[in-house]
Every structure is written in C-alpha cells, then in structure tokens.
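In: Structure here, sequence nowhere to be found:
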C-alpha cells in the first residue's frame, strides 16, 4: 500500500484555503445555506468499524462494508446540506443513509486503490474541503457520469481515457467530514452517480433497473474487455458546469439541460475497486 502523508489523507493542503472552506461549510453565505447537523447525526457514525478501518483492517471475506446509501427522501436543497437523520429511506426501505446523502459510501482503509467503474474519460479533478475533498469525475457516455470523493491522491489526469478497472486514485478521507468526526467517522470513498446531470442511486428499488452489472450485489471488474463505447457526452467546461450545479445547487435556481436526449437506466457499472482487494459488498447492521 502506498505511503500517504497526513496532508494527502485529509486533503489539508493548502491550510489557509482549507480553513476558509471549512468555515464556509459551517456558516454558508447569501446563496448557500449552512450545513445542518444535530444529535441524530451521531447515527451516521460507526465507531467500531471506523477504528478498525483507520488501522487498515479489512474483512476476512473481502467484502467492502457500505456505511451509507443514497437517500430516496432527499431534504430539499433550499434547506441546506443536512447530515441529520430525520427523513431517510434507502433503496431497500431501510435507514442506512442520512438526510442529504446523494451517493454510496464504501468503507475502505486509506491508500486503497480506486478504479474506474466503467470505461470513460476523466473530465475533472478538483479538491474542495467543504464538498467531499479530492474528487475524480469520469464521463462514461450515454448520460452517465461517476465521481469518487474523499480521495488522497489522483493517479490520472484530466483528459485521460480509462478502461474499466483501471486505477484512478488512492483513497483517503479528504474533506471536512473526517476533520470534524475523527476517529469515529469511517474512512470511505463516497461514490456518486449522475444520469443526465442528476444524482442517481446505482442500486435499484422495486421495479427499477440496477446500474450495477451484477444487480444489487456489485462485483469488481472481472478482467473481460468492454465493447467499444461511444465516447464522452461532455467536454471539460460542461463537466465544470455540472459540478457547480450539483455541488452548489442553490446558486442555480434554473438549469439549462446539458443533454439532448433522455437516457434510461442501464446496468453498466462494476465495483470501483480491484478484485485483489474486494469481491463484493456487505451492509453493516443498523
């Protein structure tokens, strides 16, 4: 496993900028509401799993724990980002999520290799301490974009075309989340999926199509080659716009569509980790 500095793991460089971004997350501004938290936010923590994961431990069955799923009853964006658990429902009808959670959290030790979940093109790499730390954005074409957040080090550059399973980053726990709740918050990769520019749950509720190739039990890539893909839908400027509209939505009361057609859900994704590290997923008891 690669050696990472504390500055990389927590995404603290440069310190002055990160301090301003942390303060902004807490206070907000005229166009972005402050972050909302309370006693129910303690339900997001998994102390026992956190300590083991910070120490580099993995499950003997090589399954990666999922600590938070996509919330199917999202808090209105005008109310601000909420890490409370007040109105939550994951794809199974359970409560493994929190109010504003819009992705899937894979609990992995820092330094874990993160791979492309499908063939695509890297169109943005950025680090915002108040919005998920270091992130890699990949356009997979046909309306599908994925982002991996809380990274420590990117292994690709903007413009790189990547194959399914190709390493794109090393995991960390960059961003304000870890700083606020260390060591009780689990180091993880927050994995976002966008379809036609909107957040999408890759897991399928009843009657839906899963975005995972293996259904709702996603597996890592098996080494088989993908058929030729259609290429990215967006350019770098469009990806930057998509980032801003989704990470600071209250600044954009109206949004012009980026896509000319509507794309249906398709099973296209594999687990964003190497098969040498993980074979599948598991859900901790809540």
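Out: Structure's in. What do you need? Predicted, not measured: the structure shown is a model, and the values here were computed from it. Numbers count the residues shown, from 1 in each chain.
In: alpha carbons only for contacts and neighbour counts from here, please
Out: OK.
In: quick one: the strands in the stretch 1-150 of the chain?
Out: All strands of the stretch 1-150 of the chain, identified by DSSP state E, counting those that start in this stretch, fall at 63-68, 104-107, 113-115, 120-128, 133-141, 144-154.
In: possible to save those strands as CSV with distance to residue 259, mean neighbour count and mean pLDDT?
Out: CSV is the format used below for the strands of the stretch 1-150 of the chain (distance: least, C-alpha to C-alpha, whole Å; neighbours: other C-alpha atoms under 10 Å; pLDDT from 0 to 100):
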stretch, distance to residue 259, mean neighbour count, mean pLDDT
strand 63-68, 29, 21, 97
strand 104-107, 24, 24, 98
strand 113-115, 26, 23, 98
strand 120-128, 16, 21, 97
strand 133-141, 11, 26, 97
strand 144-154, 11, 26, 98
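In: Same list (these) but as JSON lines, adding distance to residue 47.
Out: Formatted as JSON lines, the strands of the stretch 1-150 of the chain follow (distance: least, C-alpha to C-alpha, whole Å):
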{"stretch": "strand 63-68", "distance to residue 47": "11"}
{"stretch": "strand 104-107", "distance to residue 47": "12"}
{"stretch": "strand 113-115", "distance to residue 47": "23"}
{"stretch": "strand 120-128", "distance to residue 47": "26"}
{"stretch": "strand 133-141", "distance to residue 47": "21"}
{"stretch": "strand 144-154", "distance to residue 47": "19"}
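In: Looking at those, spot the one closest to residue 237.
Out: Of all these, strand 120-128 sits nearest to residue 237, with 8.6 Å by C-alpha to C-alpha.
In: re earlier: can you tell me which of the strands of the stretch 1-150 of the chain is nearest to residue 30?
Out: Per C-alpha to C-alpha, nearest to residue 30 of the strands of the stretch 1-150 of the chain: strand 120-128, 18.9 Å.
In: residues making contact with stretch 76-91?
Out: Residues outside stretch 76-91 that contact it (C-alpha atoms under 8 Å, 6 or more residues apart in numbering) are 32-41, 43-44, 69-75, 94-101, 201, 203-205, 249-250.
In: To clarify, my last question referred to stretch 54-66.
Out: Stretch 54-66 has contacts (C-alpha under 8 Å, 6+ apart) with 52, 104-110, 183, 186-187, 277-284.
In: of the contacts of stretch 76-91, buried ones?
Out: Neighbour-count burial (16 or more other C-alpha atoms under 10 Å) applied to the contacts of stretch 76-91 gives 32-36, 41, 44, 69-75, 95-101, 201, 203-204, 249-250.
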